[in-house]
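> After the sequence you'll find the predicted model.
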Amino acid sequence: MDALFILTRTLQYAAAALLLGIFVVWCVIAQPAFRQMQGTLALQNRFDRWLVTLGWTSLLVSLASGIVWLIILASQMSGVPAPDVIPQGVVRIVLTQTRFGEDWLLRGAFIIVLAACLLAQTQKLRQVSRWIGLVVAAAFIASLAWAGHAAAADSLRYSYLHLPADLLHLLATGAWLGGLLPLGLLLAAVRRDGGPEGLAVARTATSRFSTLGISCVGTLLVTGIVNTWFLSGSIPALVGTLYGQLLLVKIALFIGMIAVASVNRNRLLPVLEGAEASLQSSVVPKLTRNALTEAGLGVLVLAVVGIIGRLPPGLHTEPRWPFPFQLDLGEVGAVAIKVLDVAAILFVLCLIASAIAIRRRQYRGMAVSMVGVVLCGTVAWMALQPGILPAYPTTYYASAQPYAAASVARGALLYATNCTACHGVDGRGRGPLAASLPIRPADLTEHIFAHHVGDLFWWVSHGRANGVMPGFADKLSPDQRWDVINFVLARAAAVQTNTVRSQITTAAAPPLPDFAFQQDDTQNTLSHMLKSGPVLLVLFAGPAPEARLKQLTDLEPRAAAAGLGVIAVDLGKSPTKAPMVVQVANDVRSLLALFRSANDGGETEMILDRNASVRARWTARGAGGLPDANTLLADAVRVARIPAAAANHAGHGG
């Protein structure tokens, strides 16, 4: 069924592009060319008959592939076998109650109008019908945007740019790619005619189509970059997912089409415009061949589009990194970054100079420019060396288990069973077996956040340190490995939180895991509360700090106005029922106990930004004690300015 669906989508896109290309060539390319040259009525009539036949074929393919697409989609939506979707009324429901059905009915109306335009090819109606057909064919191919990923993209910033970019991308594709076969037919008709008038028509038509192609290529480049940004969003997603890899194949085919078009414009078209008639006649077959070659590459592009339409976008798929290294500019020094910037600018300038020298056949200038390219590339490579780090297939994986209390609690049990012998209970690499190992186990409380979680997943799965640390892929499920990683991260965050002081910091800060709580019979989570602004987390055990809680209760209206929420948690065995104190499960108490200082004088307070990172920390026994109302409100305003991290739309690997 997938193969049939991919074929159906490919045929629908190809037919829609061809319909637009037919009317574009008719109205914008061929008609002006024929108008400038008398004595070509027979040639024009023959070409018109060919285009009418091609138009009817495209309409029939559009209708048939549209019906099959509708039946397949109705079957997938309902679970009803494809042969039964019409008798059981599923198709009617899809047509009347889904956006795809509404779009399908609209395309059906467009097909009827286009059929009328093809029928109205009499001398009186020909001109008007073709221009109407051009507008309707443009609307027909543009309507396919609502059947793609762009119409569903509403969760990303600037997503309002995605659908317009997709519309322009489809229109440019139809005008250029769809016009190649009609242009090839025109050139074939000229070749068959063989007269000087026909050569003049070919010269004008090819020149006009070349200008149109430049505009379309520019549009495709800009809109393609926008679409790639929205659907892949990162280099790992582009090179490490099937969607991204097919997108690269599409780009390669597009470059091939541009190369063929460049040959037409820079080599063949000048000959057609300025050479003798005999040479002009020899160029027409080459132009025809190249136009058909471009069309063939375009069909492959549409086939790729048909395939990737069935795949989740790279941004929503786990990227499997194909290279043994990664680039981390955070490891490159400030001076090296400046050197890299200068080298990159000079590298691009040398490439441009080299291209100009090649075009002008200035071989000495070309050699000098290429030397500059090599030198700049070498300097850039040397500047990047500190940032080139080892990488693994899972380096850019996102955790399949949320960084939350439940996962941390499960990970704590798994860590105790599988990891304490070497890494120790506290994770500092001082377990019972550590002394007997040739390489000391890593301290899991230091530098852990400098690594991608995907790196940690690879090490837990496959081991490291030349086999000293075993892999657990055959012992722990993927979700269990992520649980262990979440526990290690939470404990490291708790250790690093002890170094956070009372002054707000905007540097990298340890993140607190998410947790659920109940307040006034209402369920809530930390992550949901953080969407509204910073949160002050109050941790205590034993007798409730009633004076402090009353102070925070009185401050609540002003805190809410500043966007600051307050959560107080009693970590004792018998939780206190007091104002602002929430109720939490035992696994949440165990988690939050990691973040409370043992010598805090009975209370620890932390202010969290919208990323759940600890930005300031106070204890009752610390220097200066707990913050007063004005300090809290001022800190809340500063923390609220720290931007929230972009949502991670990756999938989950295993």
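Perfect, I can see it now.

> Just give the nearest non-adjacent residue to A139, would you?
F110 (6.0 Å; C-beta to C-beta, 6 or more residues apart in numbering). Any C-beta I mention is one placed from the backbone N, CA and C, and that applies to glycine too.

> brain fart, A116
S129 is the one closest to A116 (C-beta to C-beta, 6+ apart), at 7.6 Å.

> got a pLDDT number for that neighbour?
pLDDT, S129: 92.

> For the helix or strand harbouring it, buried residues please.
Assigned by DSSP states H and E, S129 falls within helix 126-142. For helix 126-142, a neighbour-count test (16 or more other C-beta atoms under 10 Å) marks 129-130, 132-134, 136-142 as buried.

> Equivalent analysis for stretch 302-313, please.
Those would be 302-309, 311, 313, for stretch 302-313 by 16+ other C-beta under 10 Å.

> try stretch 395-409
In stretch 395-409, counting by 16+ other C-beta under 10 Å, buried: 395-401, 403-409.

> Stretch 104-119 now?
104, 107, 110-111, 113-115, 117-118.

> Output those in JSON lines; the columns should cover secondary structure, distance to A175 and pLDDT.
Compiled in JSON lines, the buried residues of stretch 104-119 are given as follows (DSSP: H, G, I helix; E, B strand; the rest coil; distance: C-beta to C-beta, whole Å; pLDDT from 0 to 100):
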{"residue": "W104", "secondary structure": "helix", "distance to A175": "24", "pLDDT": "89"}
{"residue": "R107", "secondary structure": "helix", "distance to A175": "18", "pLDDT": "91"}
{"residue": "F110", "secondary structure": "helix", "distance to A175": "17", "pLDDT": "94"}
{"residue": "I111", "secondary structure": "helix", "distance to A175": "19", "pLDDT": "94"}
{"residue": "V113", "secondary structure": "helix", "distance to A175": "19", "pLDDT": "95"}
{"residue": "L114", "secondary structure": "helix", "distance to A175": "16", "pLDDT": "95"}
{"residue": "A115", "secondary structure": "helix", "distance to A175": "21", "pLDDT": "94"}
{"residue": "C117", "secondary structure": "helix", "distance to A175": "17", "pLDDT": "93"}
{"residue": "L118", "secondary structure": "helix", "distance to A175": "19", "pLDDT": "92"}
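
> Let me know the closest of the residues you listed to C422.
W104 (60.8 Å; C-beta to C-beta).

> Hmm, L95 and that closest one touching each other?
Yes: assessed by C-beta atoms under 8 Å, W104 is found in contact with L95 at 6.5 Å.

> which residues do those two both contact?
L70 (C-beta atoms under 8 Å, 6 or more residues apart in numbering).

> Can you check the pLDDT for R46?
On the pLDDT scale, R46 gets 88.

> With adjacent residues omitted, what lies nearest to it?
R46 sits nearest to A189 (C-beta to C-beta, 6+ apart), 5.5 Å away.

> Might you report the residue contacts of that neighbour?
43, 46-47, 50, 198.

> Now rank those residues by neighbours and give me the top one.
If you count neighbours using other C-beta atoms under 10 Å, the busiest of the contacts of A189 is F47, which has 25 neighbours.

> can I assume it is in contact with L185?
Yes: assessed by C-beta under 8 Å, F47 is found in contact with L185 at 6.6 Å.

> Quick check: the two most widely separated of the contacts of A189?
Across these (C-beta to C-beta), the longest gap, 14.4 Å, separates W50 and G198.
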